[in-house]
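1. give me a model of this one.
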Amino acid sequence: MVWQAGDTLKNGTYTIEKVLGQGRFGITYLARSRDNRLVAIKTLNLDSSFLQGMTVKEKKDLEAKFCDEAVKLAKCRHPHIVRVQELFQEQKSGFLREHRYWCIVMDYIEGKDLGDRTTPILPQREALRYIRQIGEALIVVHKEGLLHRDLKPANIMLRLREGKMEAVLIDFGLARAFDHPLTQQITSDGFAPIELYSGQLDRGSWSDVYELAATLYELLTGKAPESALDCNDRDLSIDLTPPICHNERISKRVNRAILKGMALMPRDRVQTIPEFLRLLGVKGWFVPFPQWDVNMWVQIGMMIAAFLALFLR
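-> Numbers count the residues shown, from 1 in each chain. Just a heads-up that it's a prediction; the model follows:
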């Protein structure tokens with residue numbers, strides 16, 4: 001563990017209170033700021049046994065990727081995305097050497113995550129509301145050229161806002177973009193698409209579509225879907241069980257959308273979050289306005305003018 005309760009960071013700006021969570025390569029702490037606000041601070045635990053197999057260069061590359069994507073994530077401003085406040089480096093004295101740790105300071109979301117919900121099976125209307133909110137958040141993430149890579153109920157917090165429960169996306173799988181065998185291992189069996197197990201298949205927005213569909217599957221059935229790796233194993237002969245088989249109250253439309261979003265091969269899958277939300281039939285989603293340059297808009301204008309000229313002739 002990098003820090004203990006009572007340790008201070010950034011010259012006393014933050015005081016560590018406790019560990020919120022610990023993964024294979026990172027630790028997230030609850031801390032209190034100097035002005036008495038609670039924040040979450042995430043750092044890479046480069047001293048963990050999991051990362052001991054990396055070379056010095058690989059660790060530095062991982063740190064660089066961690067910082068780069070943290071900066072990009074800070075640009076993803078959306079009500080349903082945890083807000084990144086700042087990134088700083090903290091020095092700590094260790095045995096025979098000094099350690100420097102990059103720290104991401106984020107808003108602390110008080111509440112429970114969807115993986116810890118009291119009701120295993122949610123009503124379809126409620127589940128779709130959370131999926132729409134997270135879908136809208138992912139559209140912003142994808143617009144910034146990022147992928148979440150670790151979407152599952154445990155990484156979606158529920159908080160009370162203006163008398164209503166809402167979903168907030170947290171804990172991005174930042175290190176999965178780092179090309180190293182240790183960071184490519186999958187722990188979220190059932191939620192991870194086949195391309196996260198393989199270096200031969202491209203990853204893109206369709207990867208997060210799979211994980212969003214798998215999350216909806218679990219919210220509506222109380223069961224994690226079959227592993228994509230197992231479904232791809234011909235010797236096991238395992239197919240994805242349609243969610244409606246676990247819960248007959250699921251509408252046929254939602255059932256079809258989930259199966260389309262969880263198609264095993266990326267080419268057969270829904271490619272974008274807006275398309276997936278459209279298949280679900282939820283309202284309130286949006287598509288970011290195209291950020292074309294002036295030349296593109298001129299070409300579009302000329303095409304429209306030419307079409308109108310032919311139509312009105």
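
2. going by C-alpha atoms from here, please, whenever you check contacts or count neighbours.
-> Will do.

3. now the strands for the stretch 151-300 of the chain?
-> Here the stretch 151-300 of the chain has its strands, by DSSP state E, counting those that start in this stretch, at 156-161, 164-169.

4. I'd like those as JSON lines, with mean pLDDT appended.
-> Output for these, formatted as JSON lines (pLDDT from 0 to 100):
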{"stretch": "strand 156-161", "mean pLDDT": "90"}
{"stretch": "strand 164-169", "mean pLDDT": "92"}
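
5. residue 131 is nearest to which of these?
-> strand 164-169 (8.2 Å; Cα to Cα).

6. quick one: the closest one to chain centroid distance?
-> With Cα atoms, centre = their mean, to the nearest Å as the basis, strand 164-169 stands 15 Å off its chain's centre.

7. hmm, back to that, nearest to residue 237, out of the strands of the stretch 151-300 of the chain?
-> Of all these, strand 156-161 comes closest under Cα to Cα, at 31.8 Å.

8. give the buried residues for that closest one.
-> Within strand 156-161, the residues scored as buried using 16 or more other Cα atoms under 10 Å are 156, 157, 158, 159.

9. chain neighbours aside, what residue packs nearest to the first one?
-> Counting by Cα to Cα, 6 or more residues apart in numbering, residue 169 is the residue found nearest to residue 156 once chain neighbours are left out, at 4.9 Å.

10. can you tell me what sits against stretch 258-268?
-> By Cα atoms under 8 Å, 6 or more residues apart in numbering, the residues outside stretch 258-268 that reach it are 193-195, 206-207, 209-211, 213-214, 216-217, 228, 231-232, 242-243, 269-270, 276.

11. ChimeraX command to pick out the buried ones of those residues?
-> Buried subset of the contacts of stretch 258-268, written as a ChimeraX selection, criterion 16+ other Cα under 10 Å:
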select :193,194,195,206,207,209,210,211,213,214,216,217,228,231,243,269,270,276
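
12. inside helices: which ones of the contacts of stretch 258-268?
-> Using DSSP state H, the subset of those located in helices is 206-207, 209-211, 213-214, 216-217, 228, 231-232, 276.

13. coming back round to it: can I get the strands of the stretch 151-300 of the chain in TSV including distance to residue 137?
-> Shown next, in TSV, are the strands of the stretch 151-300 of the chain (distance: least, Cα to Cα, whole Å):
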stretch	distance to residue 137
strand 156-161	11
strand 164-169	7
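
14. which stretch among those comes nearest residue 84?
-> strand 164-169 (11.8 Å).

15. buried stuff in the closest one?
-> Using 16+ other Cα under 10 Å as the test for burial, strand 164-169 gives 166, 167, 168, 169.

16. which one of the residues you listed sits closest to residue 37?
-> residue 168 (18.9 Å).

17. chain neighbours aside, what residue packs nearest to the closest one?
-> Nearest non-adjacent residue to residue 168, counting by Cα to Cα, 6+ apart: residue 80, 4.3 Å away.

18. what sits against the one you found?
-> Applying Cα under 8 Å, 6+ apart, the residues contacting residue 80 are 133, 134, 136, 137, 166, 167, 168, 169.

19. out of those, which is nearest to residue 116?
-> residue 167 (13.2 Å).

20. residue 134 is in contact with the closest one, correct?
-> Yes. With contact defined as Cα atoms under 8 Å, residue 167 counts as touching residue 134 (6.7 Å).

21. pLDDT of the helix or strand hosting residue 133, averaged?
-> Element membership for residue 133, per DSSP states H and E: helix 124-143. In this model, helix 124-143 has an average pLDDT of 95.

22. please apply the same query to stretch 224-244.
-> Stretch 224-244 comes out at a mean pLDDT of 89.

23. list the buried residues for it?
-> Buried-residue list, stretch 224-244, by 16+ other Cα under 10 Å: 224, 225, 226, 227, 228, 229, 230, 231, 240, 243, 244.

24. same deal with stretch 260-278?
-> Quick answer for stretch 260-278 (16+ other Cα under 10 Å): 260-264, 266, 269-274, 276-277.

25. chain center to it, what's the gap?
-> 16 Å.

26. could you do stretch 216-236 as well?
-> 19 Å.

27. next, format the buried residues of stretch 260-278 as a markdown table and append distance to residue 44 and pLDDT.
-> As requested, these are arranged in a markdown table below (distance: Cα to Cα, whole Å; pLDDT from 0 to 100):
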| residue | distance to residue 44 | pLDDT |
| --- | --- | --- |
| 260 | 36 | 97 |
| 261 | 32 | 97 |
| 262 | 31 | 96 |
| 263 | 33 | 95 |
| 264 | 32 | 94 |
| 266 | 31 | 94 |
| 269 | 33 | 95 |
| 270 | 33 | 94 |
| 271 | 32 | 94 |
| 272 | 30 | 96 |
| 273 | 30 | 96 |
| 274 | 33 | 95 |
| 276 | 33 | 97 |
| 277 | 34 | 96 |
